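> Requesting a structural model of the entry that follows:
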Amino acid sequence: MSSRQCDHIGVTMGMRRRLVDDRRWARVTTGVYDVEPARDRRGEVDHRRRRSAWLGMLAYGPDAIAVGACALALHDVRGLPTDVRPEVALPGGAFGKSRDGMRVRQLSAVESTRFGERRIATLMCALLTALPSLGREHAVAVLDDLTHRGRLSPGQMDAVRSRLRGGRDCADVPTWMSLVDGRSESPLETFARIDCIDAGVPPDELQVVIRAPDGTFLGRGDMGWRLPRGRWLIAEIDGREFHDRPDALLRDRARQNTLLIRGAITMLRFTHEDIGSVGRTVREALLLDREQPHERQTAG
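Okay, here's the model as predicted:
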């Protein structure tokens, strides 16, 4: 909460000081207080990002506009880094001094939209500000998410590419954008796919549909590589929130076991802890398959 908000509800400066002294509140920066400092926020990644966005807006007053990754977080965009720096712009490109880890961007024109009683950069404006500083993996994950959910059309993607071309710190962005694939259903899938591309084993297909010989649908895998005799090497990226779909292979162990017994697939499973080694593991599995006879291959 800001000092202005506290004053509005009758929490005086003296009361705020006592709350901070009692460690019931914490002073985050000049004029801003955390009213739940003891709350365990481990794992609450979305909350942490939104908190950063609100911190910047509260610290710089009611006219401050959330921009960049902070605005993307408030637009419910997935694929952002776990921690984002509080970042705002002031109307008319007014100067504001960055402090306490917060950044004020001097932007002459910010396309903004209402967010409650505040204003945040529009999705397009936030993308143009954030993408150059996100880094390749997170930039692609953000664009994958927006494309997958139908929030960014091909025409808008072209507009982003065009408006960033030649801009400051934007030289690599068009190359990153060539990796975007809206079939990735989660940031973890994007990170794993980029890992495989870097390892020289880009997947042949995403969201691979596996059927029985009679055409019966058996399941769908996140990423797939074609193997001899119509078989597949399937990589499943396990994330708690990412496989709540009825046709996921991992939702039905019987389906998975049937596929393995029949030799239709070789299954690899990864979690977020494996990002960085997915490509290497897939490359080793593909090399091993080439060295083995193909009468039958199963995997656990």
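> need the contact list for Arg27.
When contacts are counted by CB atoms under 8 Å, 6 or more residues apart in numbering, Arg27 touches 20, 33-34. Using the backbone N, CA and C atoms, a C-beta is placed for each residue, glycine as well.
> Ok, Phe270 next?
Phe270 makes contacts with 192, 235-238, 278, 281, as judged by CB under 8 Å, 6+ apart.
> Then Ile210?
For Ile210, the contact set (CB under 8 Å, 6+ apart) comprises 217-221, 232, 234, 249, 259, 264-265.
> Please pick the buried ones from those.
Applying 16 or more other CB atoms under 10 Å to these, the neighbour count classes 218-221, 232, 234, 249, 259, 264-265 as buried.
> Go through the contacts of Ile210 and say which is closest to Arg24.
Using CB to CB, Leu249 is the member of those that sits closest to Arg24, with 48.3 Å.
> List just the nearest of the contacts of Ile210 to Thr147.
Among those, Arg220 lies closest to Thr147 (CB to CB), at 18.9 Å.
> list the helices and strands the helix or strand the closest one falls within packs on?
Element membership for Arg220 (DSSP states H and E) is strand 217-226. Here strand 217-226 touches helix 187-198, strand 205-211, strand 232-237, helix 253-261, going by 3 or more CB pairs under 8 Å, 6 or more residues apart in numbering; DSSP states H and E.
> Need the winner for burial among those.
strand 232-237 (a mean of 25; mean count of other CB atoms under 10 Å).
> Give me the angle between whatever helix or strand Leu287 lives in and strand 217-226.
Secondary structure assignment for Leu287, by DSSP H and E: helix 278-291. Angle, helix 278-291 to strand 217-226, by axes from the mean of the first three to the mean of the last three CA atoms, to 10 degrees: 90 degrees.
> Residues in contact with helix 278-291: which ones?
Outside helix 278-291, the residues that touch it by CB under 8 Å, 6+ apart are 192, 195-201, 225, 227-228, 233, 235, 237, 266, 268, 270, 274, 297.
> residues of that helix that come out buried?
Result for helix 278-291 [16+ other CB under 10 Å]: buried residues 278-279, 281-282, 285, 289.
> and the angle from it to strand 232-237?
160 degrees.
> how far does helix 278-291 sit from the chain's center?
Remark: helix 278-291 is offset 27 Å from the chain centroid, using CA atoms, centre = their mean, to the nearest Å.
> I'd like to know which of the contacts of Ile210 is nearest to Met57.
Comparing the contacts of Ile210 against Met57 with CB to CB places Arg220 closest, at 41.2 Å.
> ok, that closest one touching Arg211?
No: with contacts counted by CB atoms under 8 Å, Arg220 stays clear of Arg211, the gap being 10.2 Å.
> what ranges of the stretch 1-150 of the chain fall below the confidence cut-off?
For the stretch 1-150 of the chain, applying pLDDT under 70 flags the ranges 39-43.
> switch to 80 and redo it
Along the stretch 1-150 of the chain, segments meeting pLDDT under 80 span 38-43.
> Out of the contacts of Arg27, which sit inside helices?
Val20 (DSSP state H).
> Out of the contacts of Arg27, which end up buried?
33-34.
> If we only consider the contacts of Arg27, which is nearest to Thr129?
Nearest to Thr129 among those, with distances taken as CB to CB, is Asp34, at 26.1 Å.
> gap between that closest one and Val20?
10 Å (CB to CB, to the nearest Å).
> Equivalent analysis for Met223, please.
According to CB to CB, Met223 stands 50 Å off from Val20.
> still on that earlier bit, rebuild the contacts of Arg27 as JSON lines, extending it with distance to Pro132.
Output for the contacts of Arg27, formatted as JSON lines (distance: CB to CB, whole Å):
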{"residue": "Val20", "distance to Pro132": "38"}
{"residue": "Tyr33", "distance to Pro132": "33"}
{"residue": "Asp34", "distance to Pro132": "30"}
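> hang on, the earlier thing: report the set of residues contacting both of Asp34 and Val20.
Shared contacts of Asp34 and Val20, defined by CB under 8 Å, 6+ apart, are found at 26-27.
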